[in-house]
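J.: Below is the structure, and that's it, no one-letter string:
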């Protein structure tokens, strides 16, 4: 694909073949273009109909293809396959398949393994597909609730007229009071010194330990939205979000997972046991109080780090009791 303009973007001379001129007359600029083209190998928006100038690329699509082939033939083959799949998907959008064609596809795919066979959430494609599906379902349900197509099961029910609602309310009240007693779990919110939401003071303080070492030794970690795994409990799939992935091994092994607990209920125990059973290659440890049967005692960490971290949260000093200390950040 050659552009309508025949003016060189560097010397402004007129040429029939802009790509060829750039390669021959402006070698340094051409090398910069090659790097830019290599960076765009997975960008499926670039096809033969794309104006490459919008990506600051002055080379033809054919030259780009040659660069991609020379750069990494496997990546290039993958790009071509994905681009073909994308175009086929667009072409077939809205088409209805006959029963005969469905039967034909079924027969043709017998014995073939699905692409995600044996893969879990650690694979980016699986992770992205699940996140996309969950987002789509959530948006569809919001619309159904808005239009009245779906109604919450407890609409119109109260503690007075429903035994089920009353039991759930009592259980929730009891659970929250226990959490408050053990780890101030009710103190959830954005920590200004960290810059993000934490569900408890325990969790916030563990992140502060990472922040403390990050400033000194560039210690890295991943938060829970990057640590989502499908697990099976009583025959049903649940998505378990683990608090932290210890990338640099600050609390032990590198890339181990950490669950921060001040209170351990049966649901949490089930999730931890299910994860350890289904993902034996991943190590999961618990940081918490004695009642959580932890691998690392939270209060030993508190004894060590509270003198070093000025905004360490406790029952007497936290974003709820002393918010002015944190609002200054």
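T.: Thanks, I have it. None of these values were measured; they are calculated from a predicted model.

J.: can we go C-alpha only for contacts and neighbour counts from here?
T.: OK.

J.: so residue 20 sits in a helix?
T.: Yes: assessed by DSSP: H, G, I helix; E, B strand; the rest coil, residue 20 belongs to a helix.

J.: wouldn't residue 299 be in contact with residue 287 here?
T.: No: contact criterion Cα atoms under 8 Å: residue 299 and residue 287 do not qualify, at 9.5 Å.

J.: between those two, which one's more packed in?
T.: residue 287 (23 against 15; other Cα atoms under 10 Å).

J.: Name every strand pairing with the helix or strand harbouring that one and say which way it goes.
T.: Using DSSP states H and E, residue 287 falls within strand 284-288. In the sheet, strand 284-288 lines up against strand 256-261 (parallel), strand 296-297 (parallel) (DSSP bridges).

J.: Any idea how far it is from the middle of the chain?
T.: 21 Å (Cα atoms, centre = their mean, to the nearest Å).

J.: Give me the contact list for that strand.
T.: 202, 256-263, 272, 276, 292-299 (Cα atoms under 8 Å, 6 or more residues apart in numbering).

J.: switch to 6 Å and redo it
T.: For strand 284-288, contacts defined as Cα atoms under 6 Å, 6 or more residues apart in numbering pick out 256-262, 294-298.

J.: Give me the lowest-pLDDT entry from those.
T.: Lowest pLDDT among the contacts of strand 284-288: residue 262, with 84.

J.: now for the strands paired with strand 284-288, which one comes closest to residue 23?
T.: Between residue 23 and these, the tightest spacing by Cα to Cα is seen for strand 256-261, at 48.8 Å.

J.: List the buried residues of the closest one.
T.: Neighbour-count burial for strand 256-261 flags 256-261 (criterion: 16 or more other Cα atoms under 10 Å).

J.: Over to residue 155. Which of the three states is it?
T.: Per three-state DSSP, residue 155 ends up coil.

J.: nope, residue 239 is what I was after
T.: Going by three-state DSSP: residue 239 is strand.

J.: give me every residue that touches it.
T.: Residue 239 neighbours (Cα under 6 Å, 6+ apart): 229-230.

J.: and if we set it to 8 Å?
T.: Per Cα under 8 Å, 6+ apart, neighbours of residue 239: 228-231.

J.: Okay, and the beta partners of it?
T.: On the basis of DSSP bridges, residue 239 is bridged to residue 230.

J.: same question, residue 256
T.: residue 246.

J.: any idea how far the most centrally placed residue in the chain lies from residue 190?
T.: Nearest residue to the geometric centre of the chain (Cα atoms, centre = their mean): residue 226, 4.1 Å. In this structure, residue 226 and residue 190 are 18 Å apart, going by Cα to Cα, to the nearest Å.

J.: Ok, residue 109 next?
T.: 50 Å.
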